[in-house]
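**Q** next input, structure requested:
(one chain, ligands or ions: 1)
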Amino acid sequence: MSKPTHQVKQSVLPFSGKEKGSVSLVGAGPGDPELLTVKALRCIQQADLIIYDRLVSEEICALFPSTTPTLYVGKAKNHHSVEQSRINELLVEKALQGKHICRLKGGDAFVFGRGGEEVMSLKQQGIAVEIIPGITAAAGCTAYAGIPLTHRGVSQGCTFVTAHAETDLQINWHGLALLNHTLVFYMGLSKSQMISTQLQAAGLDSQTPVALIERGCTTDQRLIQGKLAQLPELVVQHQLQSPTLIVVGKVVDLAEQLSWFEQQVASTTAVSTTRLSA
Ligand code: SAH
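**A** Sure thing, here's the model as predicted:
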């Protein structure tokens with residue numbers, strides 16, 4: 001029997017708003033360049049201008065074509081990042097010059113990425129926009145740490161929370177504690193004391209497992225595990241730096257059985273060391 005032939009269908013028409021300029025809002029994922037989507041990579045390769053943030057990893061920046069102009073709008077050492085309102089203006093300005101812009105952000109632009117604000121501002125000016133989702137830190141970092149966000153009989157759900165707010169932080173700690181499922185805190189490093197104290201005050205067991213994943217999905221990834229009551233101590237003791245993701249819940253204990261990435265990194269290092277000494 002002959003092999004059935006499949007017609008390759010283009011799932012979505014290629015985005016082009018060249019005459020007027022356009023913006024692709026692209027999620028770059030959590031760090032590993034191989035976690036970029038095919039669509040994200042194509043956009044990086046075809047853009048007239050790339051505007052990117054601090055969380056876009058060096059390895060991903062290395063994929064920028066050398067001839068494409070780039071603009072960095074993240075935080076420089078000891079400096080504030082470019083204001084969101086300025087970024088919105090910049091995107092509009094450059095698009096109105098007729099450029100096709102790749103607006104590249106860490107993880108997914110719609111998960112604590114302020115992507116919605118950028119799209120609103122562009123649409124108000126009648127500029128064509130497309131959105132390319134990326135792997136958000138909660139999905140990427142936990143996978144590379146061997147922690148499933150949900151697991152049959154252990155956790156039936158998960159909630160993403162930001163521990164950072166421009167003005168007042170409004171978190172329903174009692175609501176979170178009651179969920180009895182996995183909690184993932186973005187931007188929580190400087191708020192580890194508050195997360196630990198508030199969750200315990202709301203009724204979560206002080207012995208609930210916690211994980212801190214620093215620079216997840218990169219070869220520098222560090223996974224620190226402990227209990228909810230120790231969370232602030234762990235941050236100090238291991239001198240954890242941003243970006244770090246905090247995971248709270250019983251699924252953390254599965255890392256012992258499910259870890260794989262550390263072994264892979266270790267074996268790659270061993271191979272390169274052997275090669276170096278050969
Ligand atoms: N839009 C991004 C999140 C931006 S908020 C996304 O979808 O992933 C920034 C926070 O994300 C950081 O403070 C950290 O808590 C988390 N984060 C992002 N990338 C990370 C990484 N590679 N390792 C650990 N945490 C990460």
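**Q** is the ligand within reach of stretch 206-219?
**A** Yes - residues of stretch 206-219 are located near the ligand by CB under 6 Å from any ligand atom, namely 213, 215, 216, 217. Using the backbone N, CA and C atoms, a C-beta is placed for each residue, glycine as well.
**Q** what's the per-residue pLDDT of the third one here?
**A** If I follow you right, that is residue 216. The per-residue pLDDT reported for residue 216 equals 97.
**Q** quick check: the residue of the stretch 51-200 of the chain nearest the ligand.
**A** residue 107 (1.9 Å; CB to the nearest ligand atom).
**Q** which residues touch that residue?
**A** 27, 28, 29, 30, 55, 113, 134, 135, 136, 137, 140 (CB atoms under 8 Å, 6 or more residues apart in numbering).
**Q** greatest separation within the residues you listed: which pair is it?
**A** Greatest spatial distance among the contacts of residue 107 (CB to CB): 113 and 140, at 13.7 Å.
**Q** my read: residue 72 touches residue 55, true?
**A** No - if you go by CB atoms under 8 Å, residue 72 and residue 55 don't touch, sitting 11.7 Å apart.
**Q** compare the two (neighbour count), which wins?
**A** residue 55 (20 against 15; other CB atoms under 10 Å).
**Q** phi, psi of residue 149?
**A** Per-residue torsions, residue 149: phi -70, psi -30 (degrees, to the nearest 10).
**Q** confirm for me that it is in contact with residue 139.
**A** Yes - between residue 149 and residue 139 there is a contact at 7.1 Å, judged by CB under 8 Å.
**Q** counting contacts, what elements does whichever strand or helix holds residue 90 pack onto?
**A** If you go by DSSP states H and E, residue 90 is part of helix 84-96. Packing partners of helix 84-96 (3 or more CB pairs under 8 Å, 6 or more residues apart in numbering; DSSP states H and E): strand 22-27, strand 49-52, strand 100-105, helix 115-124.
**Q** who touches the shortest one?
**A** Think strand 49-52. 28, 44, 61, 64, 68-74, 87, 90-91, 94, 99-105.
**Q** now swap in the first one and tell me
**A** Contacts with strand 22-27, where a contact means CB under 8 Å, 6+ apart, come from 15-16, 37, 40, 43-44, 47, 91, 95, 100-110, 113, 115, 118-119, 122, 127-136.
**Q** state the mean pLDDT of that strand.
**A** pLDDT averaged over strand 22-27 gives 98.
**Q** ok, stretch 194-213 next?
**A** 97.
**Q** kindly export that stretch (C-alpha atoms) in PDB.
**A** Below are the C-alpha coordinates for stretch 194-213, written out as PDB (Å, rounded to 0.1, in the frame of the first residue of the first chain):
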ATOM      1  CA  MET A 194       5.600  37.700  53.300                       C
ATOM      2  CA  ILE A 195       4.700  34.600  51.300                       C
ATOM      3  CA  SER A 196       5.800  32.300  54.000                       C
ATOM      4  CA  THR A 197       4.200  34.200  56.900                       C
ATOM      5  CA  GLN A 198       0.900  35.000  55.100                       C
ATOM      6  CA  LEU A 199       0.400  31.500  53.800                       C
ATOM      7  CA  GLN A 200       1.000  30.000  57.200                       C
ATOM      8  CA  ALA A 201      -1.300  32.600  58.900                       C
ATOM      9  CA  ALA A 202      -3.900  31.600  56.400                       C
ATOM     10  CA  GLY A 203      -3.700  28.000  57.400                       C
ATOM     11  CA  LEU A 204      -1.200  26.400  55.200                       C
ATOM     12  CA  ASP A 205       1.000  23.800  57.000                       C
ATOM     13  CA  SER A 206       4.500  25.200  57.800                       C
ATOM     14  CA  GLN A 207       5.900  21.900  56.500                       C
ATOM     15  CA  THR A 208       4.400  22.300  53.000                       C
ATOM     16  CA  PRO A 209       7.200  21.600  50.500                       C
ATOM     17  CA  VAL A 210       8.600  24.600  48.600                       C
ATOM     18  CA  ALA A 211      11.000  24.900  45.700                       C
ATOM     19  CA  LEU A 212      13.000  27.900  44.500                       C
ATOM     20  CA  ILE A 213      14.100  27.700  40.900                       C
END
